[in-house]
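Engineer: compute the structure for the input listed below.
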Amino acid sequence: MDDARVREIERIAGEGGYVSYRVRLQTPSGPRDVTFSGNIFVGPVAVTADTDGQWADEVIDDPRRFGEFYSPDWVRRYVATRQLAAG
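Structural biologist: Residues are numbered from 1 along each chain as shown. Model prediction:
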């Protein structure tokens, strides 16, 4: 997700605190779709990449370091942190 900018976020609420964010990112090589899935109360967040294999799937074991997972702001902070680490 290096050099990626968030273009669109869709929040999908599930049962028992589970939520997914479908995210459209703009990257230097074009738009990419990524899904973040987890529970707003506890546990890791799973990142599932688009199907072209540009990014490996990932598990974020400590999602609270990017804030609370209940809002789309979490996605923006995660992407911004990835950009700072790459730069």
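
Engineer: what's the lowest-mean-pLDDT helix or strand in the chain in contact with?
Structural biologist: Sorting the helices and strands of the chain by mean pLDDT, DSSP states H and E puts helix 73-86 at the bottom, at a mean of 83. With Cβ atoms under 8 Å, 6 or more residues apart in numbering as the test, helix 73-86 has contacts from 1-6, 9, 21, 23, 25, 36, 60, 63, 66-68. Placement of C-beta: from N, CA and C, glycine included.

Engineer: so which helix or strand takes in Arg11?
Structural biologist: strand 5-13 (DSSP states H and E).

Engineer: packing partners for that strand?
Structural biologist: strand 18-27, helix 73-86 (3 or more Cβ pairs under 8 Å, 6 or more residues apart in numbering; DSSP states H and E).

Engineer: return that strand as PDB; C-alpha atoms alone will do.
Structural biologist: What follows is strand 5-13 as a C-alpha-only set of coordinates in PDB (Å, rounded to 0.1, in the frame of the first residue of the first chain):
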ATOM      1  CA  ARG A   5      -4.300   7.100  -1.400                       C
ATOM      2  CA  VAL A   6      -7.800   6.200  -0.100                       C
ATOM      3  CA  ARG A   7     -10.400   7.100  -2.700                       C
ATOM      4  CA  GLU A   8     -13.500   5.300  -1.300                       C
ATOM      5  CA  ILE A   9     -14.400   3.400   1.900                       C
ATOM      6  CA  GLU A  10     -17.600   1.200   2.300                       C
ATOM      7  CA  ARG A  11     -18.300   0.000   5.800                       C
ATOM      8  CA  ILE A  12     -20.200  -3.300   6.100                       C
ATOM      9  CA  ALA A  13     -21.500  -4.100   9.600                       C
END
